[in-house]
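**Student:** my questions concern the predicted model and sequence given below.
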Amino acid sequence: MSQKELHPIPARDPVSGGPLFVSELRNDESGVSIRGRFALPAYCNLDTEQSRFLEVFLRCRGILSSVEKELGLSYPTVRSRLDQVLSALNLTPIREEARPEKPDKAHKEILDKLERGEITAQEAKTRIRERSEVR
(Lines give C-alpha, C1' and ligand atoms only; values in the text may rest on other atoms or scores of the structure.)
Protein backbone atom coordinates (compact mmCIF):
# COMPACT_ATOMS: atom_id res chain seq x y z
CA MET A 1 0.00 0.00 0.00
CA SER A 2 1.48 3.37 -0.96
CA GLN A 3 1.59 6.37 1.35
CA LYS A 4 -1.05 8.08 -0.82
CA GLU A 5 -3.54 5.30 -0.02
CA LEU A 6 -3.16 5.76 3.74
CA HIS A 7 -5.58 7.93 5.67
CA PRO A 8 -4.45 10.33 8.39
CA ILE A 9 -5.03 9.11 11.92
CA PRO A 10 -8.03 10.88 13.46
CA ALA A 11 -7.19 12.54 16.77
CA ARG A 12 -10.56 11.73 18.41
CA ASP A 13 -13.46 9.32 18.08
CA PRO A 14 -15.77 11.08 15.58
CA VAL A 15 -18.88 9.86 17.45
CA SER A 16 -18.06 10.40 21.13
CA GLY A 17 -15.06 12.73 20.86
CA GLY A 18 -13.14 10.39 23.16
CA PRO A 19 -9.53 9.32 22.73
CA LEU A 20 -8.60 6.61 20.24
CA PHE A 21 -5.96 3.89 20.38
CA VAL A 22 -4.38 1.70 17.72
CA SER A 23 -5.51 -1.92 17.88
CA GLU A 24 -3.64 -3.43 14.96
CA LEU A 25 -0.38 -2.86 13.10
CA ARG A 26 0.08 -4.58 9.78
CA ASN A 27 2.79 -5.08 7.17
CA ASP A 28 1.27 -5.94 3.80
CA GLU A 29 4.59 -7.14 2.40
CA SER A 30 5.12 -9.85 5.01
CA GLY A 31 1.50 -10.32 6.01
CA VAL A 32 2.40 -9.82 9.67
CA SER A 33 -0.29 -8.33 11.90
CA ILE A 34 0.26 -7.31 15.49
CA ARG A 35 -2.81 -6.80 17.64
CA GLY A 36 -3.07 -5.07 20.97
CA ARG A 37 -3.79 -1.68 22.48
CA PHE A 38 -1.16 0.78 21.33
CA ALA A 39 -1.16 4.42 22.41
CA LEU A 40 -1.00 7.07 19.74
CA PRO A 41 1.95 9.46 19.99
CA ALA A 42 0.99 12.75 21.63
CA TYR A 43 1.50 14.69 18.40
CA CYS A 44 -1.37 12.72 16.83
CA ASN A 45 -3.69 14.75 19.07
CA LEU A 46 -2.67 18.04 17.44
CA ASP A 47 -5.26 19.68 15.23
CA THR A 48 -4.46 20.37 11.57
CA GLU A 49 -3.21 23.92 12.21
CA GLN A 50 -0.98 22.80 15.09
CA SER A 51 0.42 19.92 13.01
CA ARG A 52 1.23 22.28 10.16
CA PHE A 53 2.88 24.72 12.57
CA LEU A 54 4.99 21.93 14.10
CA GLU A 55 6.08 20.79 10.64
CA VAL A 56 7.14 24.33 9.66
CA PHE A 57 8.84 24.81 13.04
CA LEU A 58 10.89 21.64 12.53
CA ARG A 59 11.75 22.48 8.91
CA CYS A 60 12.94 25.88 10.16
CA ARG A 61 15.03 24.08 12.80
CA GLY A 62 13.28 25.94 15.58
CA ILE A 63 14.40 29.38 14.41
CA LEU A 64 11.36 31.53 15.14
CA SER A 65 12.34 34.31 12.73
CA SER A 66 12.33 31.72 9.92
CA VAL A 67 8.93 30.45 11.07
CA GLU A 68 7.66 34.06 10.98
CA LYS A 69 8.76 34.44 7.37
CA GLU A 70 7.49 31.02 6.28
CA LEU A 71 4.02 31.54 7.77
CA GLY A 72 3.81 35.31 7.32
CA LEU A 73 3.07 35.81 11.02
CA SER A 74 4.35 38.21 13.65
CA TYR A 75 6.79 37.07 16.32
CA PRO A 76 4.18 37.25 19.12
CA THR A 77 1.79 35.11 17.04
CA VAL A 78 4.51 32.54 16.35
CA ARG A 79 5.35 32.38 20.07
CA SER A 80 1.67 32.01 20.92
CA ARG A 81 1.25 29.17 18.41
CA LEU A 82 4.35 27.46 19.76
CA ASP A 83 2.96 27.75 23.30
CA GLN A 84 -0.34 26.23 22.08
CA VAL A 85 1.49 23.26 20.55
CA LEU A 86 3.53 22.77 23.72
CA SER A 87 0.35 22.87 25.79
CA ALA A 88 -1.41 20.38 23.48
CA LEU A 89 1.57 18.04 23.91
CA ASN A 90 1.51 18.54 27.72
CA LEU A 91 5.03 19.96 27.58
CA THR A 92 6.29 22.72 29.83
CA PRO A 93 8.77 25.11 28.23
CA ILE A 94 12.20 25.21 29.80
CA ARG A 95 12.56 28.70 31.17
CA GLU A 96 15.69 30.63 30.41
CA GLU A 97 17.98 30.95 33.37
CA ALA A 98 17.57 34.26 35.12
CA ARG A 99 20.40 36.47 34.07
CA PRO A 100 22.62 37.47 36.94
CA GLU A 101 22.13 41.02 38.06
CA LYS A 102 24.89 43.48 37.44
CA PRO A 103 26.58 44.26 40.70
CA ASP A 104 25.35 47.52 42.15
CA LYS A 105 27.70 50.26 43.30
CA ALA A 106 28.00 49.00 46.90
CA HIS A 107 28.65 45.45 45.70
CA LYS A 108 31.33 46.72 43.35
CA GLU A 109 32.95 48.70 46.18
CA ILE A 110 33.17 45.53 48.29
CA LEU A 111 34.87 43.69 45.43
CA ASP A 112 37.24 46.61 44.80
CA LYS A 113 38.24 46.69 48.50
CA LEU A 114 38.87 42.95 48.36
CA GLU A 115 40.98 43.36 45.24
CA ARG A 116 43.05 46.11 46.90
CA GLY A 117 43.55 43.95 49.99
CA GLU A 118 41.63 46.32 52.28
CA ILE A 119 39.31 43.52 53.45
CA THR A 120 39.60 39.74 53.60
CA ALA A 121 37.71 37.33 51.38
CA GLN A 122 35.68 36.23 54.41
CA GLU A 123 34.72 39.84 55.18
CA ALA A 124 33.76 40.46 51.53
CA LYS A 125 31.64 37.31 51.57
CA THR A 126 29.91 38.40 54.78
CA ARG A 127 29.18 41.91 53.45
CA ILE A 128 27.84 40.61 50.15
CA ARG A 129 25.66 38.06 51.92
CA GLU A 130 24.30 40.77 54.27
CA ARG A 131 23.47 42.98 51.28
CA SER A 132 21.66 40.08 49.57
CA GLU A 133 19.51 39.48 52.66
CA VAL A 134 18.50 43.17 52.82
CA ARG A 135 17.12 43.06 49.25
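**Tutor:** Yep, it's here.

**Student:** the residue nearest in space to the middle of the chain and residue 79, how far apart?
**Tutor:** Most central in the chain under C-alpha atoms, centre = their mean is residue 93, positioned 4.0 Å from the mean C-alpha point. Computed as C-beta to C-beta, to the nearest Å, the residue 93 to residue 79 distance reads 10 Å. Every residue, glycine included, has its C-beta placed from N, CA and C.

**Student:** just to revisit the earlier point, helix, strand, or coil at the residue nearest to the centre of the chain?
**Tutor:** Using DSSP: H, G, I helix; E, B strand; the rest coil, the structure places residue 93 in coil.

**Student:** I'd like to know which elements the helix or strand of the chain with the lowest mean pLDDT is packed against.
**Tutor:** Within the chain, no helix or strand scores below helix 121-134, which has a mean of 81 by mean pLDDT, DSSP states H and E. When contacts are defined as 3 or more C-beta pairs under 8 Å, 6 or more residues apart in numbering; DSSP states H and E, helix 121-134 packs onto helix 105-116.
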